[in-house]
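Asks: need a 3D model of the following:
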Amino acid sequence: MAGKTLFITGASSGIGEATARKAVAAGWNVGLFARSKDKLTDLVADLGDNAMALPGDATSYDDQAKALKALSDRYGDVHAAFANAGRGTSSGGAEGGNIEDWQGMVDLNIMGLLKTVKAALPHLKKTRGHMVLTGSAAGRAHIKGSVYGATKWFVHGYAGNLAEEMREWGGRCTVVAPGMVNTAFFDEPKPDKLQPADVADAVMLALNASQVNDVREVFLMPRG
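Replies: Numbers count the residues shown, from 1 in each chain. Down below sits the predicted model:
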């Protein structure tokens, strides 16, 4: 895998940061895309020359397309992209939910992901590359009134559709579906749940699979 390049959205913390660390340790170059320029700059300082800060908004196709071009210009071809940026809601349920909050979540969890795919596919098609999407255990079960869970149902359904499209030219698509992860997504620490590094391991498992192995989904749950 040495010398290959991975584009990561939501890269400034949590699962995205952990994946960047694992990828660089495995010899990948990484493009770190997120809104927080300061966090990205600090992470690049830690990771070294194999990492590139790409500040931008995942809800903007133009931001992502420009970031991918800059990444390609620096390292050459892009071999994989990880559509990881996402968010939840401040209030749950259909009756108690806030419409503006839903809109922001849908714009990021669904449209932002689609924009990552749209921006990355021309690069991945050149390399017969790999698209990884962050799904969720919430996208594999019915949870009372959960609009967030419904956005992840979309991710799971779309991942299968995208895998079929990419298969036509030798590409691969994987959805990584974790249960509860100890990230800033939650107000209180969850030390007995999955850690970001656990999810990063799942991403790398898919990326490191042999060329005859089309890993469509990695589903992981905390034991605690």
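Asks: drop to CA atoms for contacts and neighbour counts, all remaining ones
Replies: Noted.
Asks: work out which residue lies at the spatial centre of this protein.
Replies: What sits nearest the mean C-alpha location of the chain, by C-alpha atoms, centre = their mean, is residue 84, with 1.9 Å.
Asks: in whichever strand or helix holds residue 120, what's buried?
Replies: Element membership for residue 120, per DSSP states H and E: helix 113-127. By 16 or more other C-alpha atoms under 10 Å, the buried positions in helix 113-127 come out as 113, 114, 115, 116, 117, 119, 120, 121, 123, 124, 125, 127.
Asks: neighbours of residue 42, how many?
Replies: A count of nearby residues for residue 42, using other C-alpha atoms under 10 Å, gives 12.
Asks: which secondary structure state is assigned to it?
Replies: Going by DSSP: H, G, I helix; E, B strand; the rest coil, the secondary structure assigned to residue 42 is helix.
Asks: any idea how far residue 48 is from it?
Replies: 10 Å (C-alpha to C-alpha, to the nearest Å).
Asks: helices along this protein, start to end?
Replies: Secondary structure of the chain (DSSP state H): helices located at 14-25, 37-47, 61-75, 99-106, 113-127, 147-167, 196-207.
Asks: ok, now which ones touch residue 221?
Replies: Shown in contact with residue 221 (C-alpha atoms under 8 Å, 6 or more residues apart in numbering): 137, 178, 179, 180, 194.
Asks: so where's this protein shaky on pLDDT?
Replies: The model of the chain has pLDDT under 70 over residues 1-2, 184-187, 189, 224.
Asks: of the helices of the chain, which is nearest residue 213?
Replies: For these, the distance to residue 213 is smallest for helix 196-207, at 8.8 Å, taking C-alpha to C-alpha.
Asks: fine by me, thanks again.
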